[in-house]
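Peer 1: sequence and predicted structure are below.
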Amino acid sequence: MKVIRVYIDTSIIGGKYDSEFQRASLKFFEQVKENKFHLVISALVQEEILAAPKHVKEFLDELKPNATIIEVTEEALRLRESYLKANIVSKKSSNDALHVALATVNNCPIIVSWNFKHIVHYEKIALYNSLNIIEGYQQIAIYSPLEVINYE
């Protein structure tokens with residue numbers, strides 16, 4: 001079985017502690033431990049987690065040893081700017097666009113997020129992927145954990 005590289009944003013880590021998202025989040029992280037997914041975590045996620053409660057930070061620390069940690073690069077910042085210029089999201093949500101850009105430039109086939117407003121939204125996904133093609137990148141699949149976990 002091939003392990004799938006999955007970029008996770010900050011919402012996934014906090015989802016473990018959110019009553020609405022906890023069940024699917026726990027199942028997702030269980031499947032990470034079973035090597036169905038290999039996590040890709042960005043320096044942006046690490047930065048955003050700094051404001052989170054201690055238990056959320058500790059959970060991120062538990063994930064790091066088995067994850068690929070990626071840095072914010074000029075290439076990702078350029079792609080984020082393209083998303084912003086195309087009005088996929090506003091400047092206020094530029095970190096959300098940066099998550100998509102980081103996953104894209106690091107060749108992650110999938111982003112998993114609980115952010116239904118700026119990332120996991122059918123209109124946004126189509127726009128991100130259209131711009132990715134224009135900019136010479138691959139399309140990226142964007143899902144919530146509910147759509148990637150096995151239910152057996």
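Peer 2: Yes, it's here.
Peer 1: quick check: buried residues in stretch 118-130?
Peer 2: Using 16 or more other CB atoms under 10 Å as the test for burial, stretch 118-130 gives 118-121, 124-125, 127-129. Yep, even glycine has a C-beta here, placed from its N, CA and C like the rest.
Peer 1: ok, Y17 touching K57?
Peer 2: No - between Y17 and K57 there is no contact under CB atoms under 8 Å: 11.5 Å.
Peer 1: can you give me how far the helix or strand encompassing N132 is from the chain middle?
Peer 2: Using DSSP states H and E, N132 maps to helix 122-134. In terms of CA atoms, centre = their mean, to the nearest Å, the centre of helix 122-134 is set 15 Å apart from its chain centre.
Peer 1: what of stretch 13-33?
Peer 2: Distance, centroid of stretch 13-33 to centroid of chain: 14 Å (CA atoms, centre = their mean).
Peer 1: what comes into contact with that stretch?
Peer 2: Identification of contacts with stretch 13-33 by CB atoms under 8 Å, 6 or more residues apart in numbering yields 12, 37-39, 45, 49, 52-53, 55-56, 59-60, 63, 66, 112, 114, 144-146, 148-150.
Peer 1: picking that back up, identify the farthest-apart pair in the buried residues of stretch 118-130.
Peer 2: When CB to CB is used, the two most widely separated members of these are H118 and N129, lying 14.8 Å apart.
Peer 1: can you pull out the helices in the protein?
Peer 2: Using DSSP state H, the helices found in the chain span residues 10-15, 22-33, 43-49, 54-63, 74-85, 94-105, 122-134.
Peer 1: related to what we said a few turns ago, and the helix holding N132, what does it pack against?
Peer 2: helix 74-85, helix 94-105, strand 141-143 (3 or more CB pairs under 8 Å, 6 or more residues apart in numbering; DSSP states H and E).
Peer 1: with distance to K33 and mean pLDDT added, can I get these in a markdown table?
Peer 2: Formatted as a markdown table, the helices and strands packed on helix 122-134 follow (distance: least, CB to CB, whole Å; pLDDT from 0 to 100):
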| stretch | distance to K33 | mean pLDDT |
| --- | --- | --- |
| helix 74-85 | 28 | 98 |
| helix 94-105 | 21 | 98 |
| strand 141-143 | 19 | 98 |
